[in-house]
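Asker: Generate a structure from the sequence data that follows.
(chains A and B)
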Amino acid sequence: MCDVQEATKQLLDVNLHENWRANQVTESGPRSESEHLQVTIGATVPTGFEQTAADEVREKLGSSCKISKDRGKIYFDISVESLAQVHCLRSVDNLFVVVKEFKDYQFKETKEEVLKDFEELAGKLPWSDPLKVWKINTSFKKKRTKRKKINQNSGREKIDNGQGDKTVEKEDKKGFTKNTLDSHILDYYENPAIKEEISTLVGDDLASSKDEKDEKEETHPKVLKFRVTCNRAGEKHCFSSNEAARDFGGAVQDYFKWKADMTNFDVEVLLNIHDNEIVVGIALTEESLHRRNITHFGPTTLRSTLAYGMLRLCAPQPTDIIVDPMCGTGAIPIEGATEWSNCYHIAGDNNPLAVNRAANNISSLLTKSQIKESKVSWSLPIDAVQWDICNLPLRTGSVDIIVTDMPFGKRMGSKKRNWNLYPACLREMSRVCKPGTGRAALLTQDKKCFTKALSGMGHVWRKVHTVWVNIGGLHAAVYLLKRTPQAFVHPSEQDGERTPW
Amino acid sequence: SINPMEFNPDFLACMIPEVEWALLLEAADTLHLVEVPKGLTEGYEHNEKFLREMHQVLLEVEVLEGTLKCSESRGLFPISWGIPNMPLSDEE
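Answerer: Model (predicted):
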């Protein structure tokens, strides 16, 4: 299903053949050492969803993960042939290959000594295998980004959130972008001004023969450009991330004779310091994977990686009906329809603009896959409807899973409105959700309101798990709820007052 | 329009018992669809022709412009560009 797998297979053949005089990675022919190349990959994931991401890695790659104390990062080992599949993971934002990990680094007392140690460190690290991985990775990335390049540059700076130019000091590392409107929320949501170009994979297969020739011509060594990004978190450090990046970078430059370039680099070296844990890595992704599905943004579009994590929390089963009753631009149902295509997804919103955007995003996705298959365009098990969350045109007990991003009351709606909206939502959702087996994953920043609204609904909703999502200073939560076996009773059938809404 | 979708018999086998046949047939009739089964038959899960017909009518046929009519409330909901607009009033 993953398009890069084909590309990688071709390239692995080309690269290995040229650079290492190795034989092809396929079964035929004697094996080379590169075939057994095992590397440790690090991935950044939305904080709070490390376990979900680890589950996906185990499911799709068969590797077990180590979840780092450095929040939002997981590590796992793979053999280099699986690199393509790693890029198909849907719960990860960014990937890097680990050069070296120090579990308990001993910092010297003074800043000068610490920085000197970093300088000396550069020459002592096992760079060669990770660089091989980087090279393979770059080759197949080139094919994909060639056509995106034009539109990419305007978008990249603004969205860049974790790997970005900022070297940040504190625990809340996913930095603020330089953008104007509510930049702290941008990190969590997408920038409305950017339209992601539909990645034109058209002609990838056709152009591959041409590209291979380019590859061959490019094998004379050219001077690589690089930069060092340092993320530092911890109370007891006597140096800043800038200083570390600068001195470490200087030593890297001397060692490799690369050229330093902050914006137009080939190699991004990562220096991640979390208390006494240091990880040196080389980035494998330049733009976050989380923008993948959405071409038409709205004011509060959810990251696809977050949407995936929320859906996965609900453990969708084949034939489940999955509804997002406040879908906005449709990030969640779209992610759902691509990854769990044996379920049926319904995206609904009360705002016609939002529903239209969702429908457009669905169409774009279909177009993308049509180009890939270059044959018949398959439809997806997903539909969009305009409706009112408080009065869903759905039968009682007909929905298996509800996943949604509830209005925070900041950019959409208001906190005051939430006081009425939340209980009404929860009530209506409990009606359509199947008693006993149904479940819901609800994201909100208005935790107080949500908790209060939930407290009156213990007979229909049971809170099973809370994931604290902390990104760029925005403290939100994903509440995983299970629908109790109790059937829904319409308020008019109850004794006593009918609750107003 | 009819948008092709990957055929998934297991999915259909689960969904089909939930179908409200009277409504389905009425809708199919309005759309002038021809190859629509009239109802459940014994052993439908293994009847490929039946499943494929159901697959088309449930998943592949898409109404781009039209109206949805609620059988209970008799409310009318417009469909535009494939999107139905269904705000309900409190009484429903």
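
Asker: Just read off the phi/psi values of the nearest residue to residue A:440 once chain neighbours are set aside.
Answerer: Spatial nearest neighbour of residue A:440, chain neighbours left out: residue A:402 (4.1 Å); criterion: CB to CB, 6 or more residues apart in numbering or on different chains. Using the backbone N, CA and C atoms, a C-beta is placed for each residue, glycine as well. In terms of degrees, to the nearest 10, the main-chain angles of residue A:402 are phi -120, psi 120.

Asker: how close does residue A:402 get to chain B?
Answerer: Shown here: residue A:402 relative to chain B, a distance of 17 Å by CB to the nearest CB, to the nearest Å.

Asker: what do you get for residue A:134?
Answerer: Going from residue A:134 to chain B by CB to the nearest CB gives 36 Å.

Asker: my read: that residue touches residue A:97, true?
Answerer: Yes: Residue A:134 lies in contact with residue A:97 (CB atoms under 8 Å); the separation is 6.3 Å.

Asker: Name the residues contacting each of these two.
Answerer: In terms of CB atoms under 8 Å, 6 or more residues apart in numbering or on different chains, residue A:134 and residue A:97 are both contacted by the residues A:282, A:284.

Asker: and after the longest helix anywhere in chain A, which helix or strand comes next?
Answerer: Of all segments of type helix in chain A, defined using DSSP state H, the longest is helix A:352-373. Counting by DSSP states H and E, the element after helix A:352-373 in chain order, helix or strand, is strand A:382-387.

Asker: same question for that following strand, mean pLDDT?
Answerer: Averaging pLDDT along strand A:382-387 gives 90.

Asker: that older thread, what's around the residue nearest to residue A:440, how many residues?
Answerer: Neighbourhood size, residue A:402 [other CB atoms under 10 Å in any protein chain shown]: 25.

Asker: so where do the helices sit in chain B?
Answerer: Counting by DSSP H, one finds helices in chain B at the ranges B:9-15, B:21-30, B:48-55.

Asker: And the stretch 401-501 of chain A, by the same measure?
Answerer: Per DSSP state H, counting those that start in this stretch, the stretch 401-501 of chain A carries helices over the ranges A:415-432, A:447-455.

Asker: still on that earlier bit, go through the longest helix of chain A and flag the buried ones.
Answerer: Residues of helix A:352-373 classed as buried by neighbour count (16 or more other CB atoms under 10 Å in any protein chain shown): A:354-362, A:364-366, A:368-369, A:371-372.

Asker: Ok, stretch A:264-282 next?
Answerer: A:265-275, A:277-282.

Asker: close enough to count as contact, residue A:38 and residue A:76?
Answerer: No: applying CB under 8 Å as the test, residue A:38 and residue A:76 come out as separate, 10.9 Å apart.

Asker: So which of those two has more stuff around it?
Answerer: Between residue A:38 and residue A:76, residue A:76 has the larger neighbour count (other CB under 10 Å), namely 22 against 10.

Asker: Tell me the bridge partners for the more buried one.
Answerer: Bridge pairing for residue A:76 (DSSP bridges) gives the partners residue A:41, residue A:65.

Asker: so what pLDDT did residue A:116 get?
Answerer: For residue A:116, pLDDT reads 93.

Asker: Could you look up the SS state of it?
Answerer: helix (DSSP: H, G, I helix; E, B strand; the rest coil).

Asker: which non-adjacent residue is nearest residue B:35?
Answerer: Per CB to CB, 6+ apart, closest to residue B:35 is residue B:53, 5.0 Å.

Asker: Surely that neighbour and residue B:39 touch.
Answerer: No: using CB under 8 Å, residue B:53 makes no contact with residue B:39, being 11.9 Å away.

Asker: Looking at these two now, which is surrounded by more residues?
Answerer: More neighbours surround residue B:53 than the other of residue B:53 and residue B:39, with 16 against 10 (other CB under 10 Å).

Asker: Please read off the pLDDT at the more buried one from the model.
Answerer: Looking at residue B:53, its pLDDT is 80.

Asker: Same check on the one 3 residues further on?
Answerer: In the prediction, the pLDDT value recorded for residue B:56 is 79.

Asker: In a strand, residue A:323, correct?
Answerer: Yes: counting by three-state DSSP, residue A:323 is part of a strand.

Asker: Please name the bridge partners of it.
Answerer: On the basis of DSSP bridges, residue A:323 is bridged to residue A:346, residue A:402.

Asker: residue ranges with poor pLDDT in the chain?
Answerer: By default, I'm working from chain A. A:1-35, A:142-221, A:287-301, A:369-378, A:409-413, A:470-473, A:492-501 (pLDDT under 70).

Asker: other chain: chain B
Answerer: Using pLDDT under 70, chain B drops low at B:89-92.

Asker: Which parts of it are strands?
Answerer: B:66-69, B:76-80, B:83-86 (DSSP state E).

Asker: what angle do the second one and strand A:382-387 make?
Answerer: Read it as strand B:76-80. 130 degrees (axes from the mean of the first three to the mean of the last three CA atoms, to 10 degrees).

Asker: what's strand B:76-80 in contact with?
Answerer: Residues from elsewhere that reach strand B:76-80, judged by CB under 8 Å, 6+ apart: A:393, B:63, B:64, B:65, B:66, B:67, B:68, B:69, B:70, B:84, B:85, B:86.

Asker: Kindly recompute the last result at 7 Å.
Answerer: The contact list for strand B:76-80, computed with CB atoms under 7 Å, 6 or more residues apart in numbering or on different chains, reads B:63, B:65, B:66, B:67, B:68, B:69, B:84, B:85, B:86.

Asker: Tell me the buried residues in that strand?
Answerer: The neighbour-count check on strand B:76-80 (16+ other CB under 10 Å) flags B:77, B:79 as buried.

Asker: and residue B:72, how many neighbours?
Answerer: Applying other CB under 10 Å, we find 6 residues neighbouring residue B:72.

Asker: need the residues of the stretch 351-500 of chain A near chain B, please.
Answerer: A:355, A:359, A:376, A:378-379, A:381, A:384-388, A:391, A:393 (CB under 7 Å from any CB of the partner chain).

Asker: Which members of these are the farthest-apart pair?
Answerer: A:376 and A:391 (38.0 Å; CB to CB).

Asker: who's more crowded, these two?
Answerer: Neighbours per residue (other CB under 10 Å) separate residue A:376 from residue A:391, with residue A:391 holding more: 19 against 11.

Asker: Quick check: beta-bridge partners of the more buried one?
Answerer: In beta-bridge terms (that is, DSSP bridges), residue A:391 pairs with residue A:388.
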